[in-house]
Structures are given as structure tokens and as C-alpha cells.
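> fold the following.
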Amino acid sequence: MNERRPPDSSDIPPLLDRSVLDQFTEELEELAYTKAFFDSFIDLMPHRIERLRLALVAGSFECALDAVLSLKSSSQMIGARRLAGLAAALESGIRDETTASNAAMLLPRYAAGFINDITQCGDLTCNSLRAHC
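I've put the predicted structure just below:
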């Protein structure tokens, strides 16, 4: 198995892409809608991360893939580039290296390698979003 790890510090993108945030705000045309969407993203973050952690620890390929895609796509939508990058790296490992015969062994290792970094990045991202609103 290739040990997949989060990107090293030289490859770390910004927490938030301000141009995506600005475009998102412009497209919604109403600051209240933007704030409600960001608040929803923030409120759902602990659930998304816990769902991902549980799926990885349980060794469930389908649930882990669904959870990481949810985290990645929601992060991309609001411009949370660093969090989306971590989710993409984890997704790549899950897709490229996990099979039915090794999921129970491999996926918990991904939990150990990614969940702390994803949790910390999620917290930082949510704090930055709060400051943006």
C-alpha cells in the first residue's frame, strides 16, 4: 500500500478562495442567503467529519466514499480550497487503493492519517467563514 498522507506544507492552498466566496455572494444576490448558506456549511461540518470518520473506522468503502465526496463537493462550492484538497487526497486513496478484500484493514488507516488534519482544517475554515460574514 502506498501510504497516502495529506499534502505537505509547501503544497497547502489557502483556507478560503476569496474570489469563490465573492462570486458565490454575487450569484445569490442577497447577503442574508449567503450568510444562511455559510451558516449551514458551518453547522454541518462536525456531522460531515464524524460521518467520514465512522465510515473509515468501520471499513465501509461505499459509506466512506459518499462521506468524503460530500465533504469535498461542499468545500469546493464555497471555496474552502484547503479542506477540499484534503478531501480530494483522501478520496484518491480510497478510490485507487481500496478493494472489497482490503477495505476493513485499509480504511481505518486512512482515518488515522487524515481525520485529525481534516478536523483541524474544518475548524479553521469555519472560523474564517464566520469572520467573512
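
> residue 71 is in contact with residue 52, correct?
Yes. A contact is recorded between residue 52 and residue 71 when judged using C-beta atoms under 8 Å, the distance being 6.1 Å. C-beta here means a position set from N, CA and C on the backbone, and glycine is covered the same way.

> which element is residue 68 on?
Secondary structure assignment for residue 68, by DSSP states H and E: helix 61-78.

> now residue 113
Taking DSSP H and E as the definition, one finds residue 113 inside helix 103-132.

> let me see the mean pLDDT of that helix.
Summarised as a single mean, pLDDT over helix 103-132 is 96.

> got it, and stretch 18-25?
For stretch 18-25, the mean pLDDT works out to 87.

> quick one: contacts of that stretch?
Contacting residues not belonging to stretch 18-25 are listed as 31, 34, 37, 77, 78, 79, 81, 132 [C-beta atoms under 8 Å, 6 or more residues apart in numbering].

> chain center to it, what's the gap?
Offset of stretch 18-25 from its chain centre (C-alpha atoms, centre = their mean, to the nearest Å): 18 Å.

> now do stretch 23-35
In terms of C-alpha atoms, centre = their mean, the gap separating the centre of stretch 23-35 from the centre of its chain is 22 Å.

> taking their axis directions, the helix holding residue 113 and helix 61-78 sit at what angle?
Angle, helix 103-132 to helix 61-78, by axes from the mean of the first three to the mean of the last three C-alpha atoms, to 10 degrees: 20 degrees.

> quick one: list the elements packing against helix 103-132.
In terms of contacts (3 or more C-beta pairs under 8 Å, 6 or more residues apart in numbering; DSSP states H and E), helix 103-132 is packed against helix 31-58, helix 61-78, helix 81-97.

> wait, which of those helices is closest to residue 127?
Ranking the helices and strands packed on helix 103-132 by distance to residue 127, with C-beta to C-beta as the measure, places helix 31-58 first at 9.0 Å.

> quick one: the closest one to helix 81-97, angle?
Between the axes of helix 31-58 and helix 81-97, defined by the same axes, to 10 degrees, the angle is 30 degrees.

> helices and strands around helix 31-58, which ones?
On a contact count with 3+ C-beta pairs under 8 Å, 6+ apart, helix 31-58 meets helix 18-28, helix 61-78, helix 103-132.

> alright, I will stop here.
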